Each structure stands twice: as C-alpha cells, then as structure tokens.
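Trainee: Mind looking at a prediction? Sequence and model below.
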Amino acid sequence: MNLLIVAATQFEIEPFIRHKKKADILITGVGIPATVYHLTQKLMTKKYDLVIQAGIAGSFSKRLNLGGVVAIKGDTFADLGIEEKGNLQTLFETSFIKKNDFPFTNGWLVNQHLILQKMSLPVVNAISINKISDSDFQNKMMFEKFAADVESMEGAGFHYVCLQQKTNFLQLRSISNYIGERDKSKWKMTEAIENLNKELIKIVDNL
C-alpha cells in the first residue's frame, strides 16, 4: 500500500517517524496555505492509496478528554467569510459559494471513506481557522456557528486537497487543550502527542 503521513510539524509525529513504518512523510508547515500547497504538490507527483494527517487540536467539548484521540468526519474553513457587528457570515451564507458545490457537502468537507466506520475512536466534526485566539467572543461565535467538537489550523485544507484529488484520506487529532485556555500549564501536550502516535502506529499496522 502506498501510504502518506502528513503533519504540520515533525514534532507531532516524531514517535511515528522513529518507529520506521513503511510510509512516506510530508511535513507541510503550520497553517492552511502551507498544507494546501505542499500536499497538492506531493499528490501531483505520486498516487497514494491512503493519506493520513495527524496532529494536535483544541476541543470545544469537555466530553472529549485531554490527551484523547479522535477521527474527523467533516471539517470546514471557519473564518472564511464576513464578520459585521459581531455576526459571522460564511461565504455560503453570502452566496459567494454554493454550499453543495464540489468538494463541499452542505458547507462541509466530508470524509466518506469506509475507514471511519471501522474506527474505535470517536468520530467528530472539526473547524479550521487561521488565527488561534483566547477571545471568549470569537470562540463562542465559532462554536455557535458550527457546533464542531475540535479546532485546528490545517484540517480543512487537508480535506479540501484530498477531495479535489480524489484521494482516500483520514484526519486524526489528539486533544491537547480546551479552546480558549491559554494557560499552557493546563495543556496535555505530551500525553496528546504520545497517544496520537500510538493510534497512528496501530492504524498503520492494521492496514
């Protein structure tokens, strides 16, 4: 199987890299633009049976434990829109984009791969943003608008490219912190990375 593992930083998947699994590795850099550019370049040069993005994320939901790992079903560009008088309108709501224009499904970038049905992990929705913030107003607005469980800075870009390239994909996220908590002494970064890589290694072993 031709397998590609994608991460924003090497730090997030260093344990997997040391495990020396048979997979290509792509470190895109942080953020949606870097993910879209470098992943597109990679997929234009080689055909993969499955692409897995692995990284940490923040959670809106306290029902997800810090350090826990989830699989992402749907993701979207949460801050791609117009904000006026404290109200966020997505580009779908302004009619600049139709919510079911490919590769979107009702405004979401949805993974339909059967691998999600085989996951023992929680399967949740996520949003991707360009700016992490401790603003209670922004975080409340994002949660109320999208009702997603987790937030990252790359996931929607990853889904977008894989759907456009008609490539099978899986996004894994481990919860390092709750959204809005900027006191990093309360984050579980070490546990999140450890558990993320354990699940990544397990999934690759079972392919």
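Mentor: Structure's in. What do you need? Numbering: from 1, shown residues only.
Trainee: how close does the residue lying farthest from the centre of the chain get to Met141?
Mentor: Going by Cα atoms, centre = their mean, the residue of the chain most distant from its centre is Lys85, 29.0 Å out. Distance of Lys85 to Met141, given as Cβ to Cβ, to the nearest Å: 12 Å. (C-beta placed from N, C-alpha, C; glycine too.)
Trainee: Equivalent analysis for Lys47, please.
Mentor: In terms of Cβ to Cβ, Lys47 sits 40 Å off from Met141.
Trainee: of those two, who's got more company?
Mentor: Between Lys47 and Met141, counting by other Cβ atoms under 10 Å, Met141 is the more crowded of the two (17 against 9).
Trainee: Grab the nearest non-local neighbour of the residue nearest in space to the middle of the chain.
Mentor: Closest residue to the average C-alpha location of the chain: Gly155 at 2.8 Å, with Cα atoms, centre = their mean. Using Cβ to Cβ, 6 or more residues apart in numbering and skipping the chain neighbours, the partner closest in space to Gly155 is Asp75 (4.4 Å).
Trainee: how far out from the middle of the chain is stretch 44-59?
Mentor: Taking the mean of its C-alpha atoms, stretch 44-59 sits 9 Å from the chain's own mean (Cα atoms, centre = their mean, to the nearest Å).
Trainee: is it true that Met141 lies in a helix?
Mentor: Yes. Counting by DSSP: H, G, I helix; E, B strand; the rest coil, Met141 is found in a helix.
Trainee: pretty sure it contacts Gln89?
Mentor: No. If you go by Cβ atoms under 8 Å, Met141 and Gln89 don't touch, sitting 11.2 Å apart.
Trainee: intersection of neighbour lists for those two?
Mentor: Counting by Cβ atoms under 8 Å, 6 or more residues apart in numbering, Met141 and Gln89 have no common neighbour.
Trainee: Could you check how many residues crowd around Lys145?
Mentor: Other residues close to Lys145 by other Cβ under 10 Å number 17.
Trainee: who's in contact with it?
Mentor: Ala78, Leu88, Thr90.
Trainee: max-length helix in this protein?
Mentor: When the chain is parsed with DSSP state H, its longest helix is helix 189-206.
Trainee: buried sites along stretch 4-18?
Mentor: Using 16 or more other Cβ atoms under 10 Å as the test for burial, stretch 4-18 gives Leu4, Ile5, Val6, Ala7, Ala8, Glu12, Ile13, Phe16.
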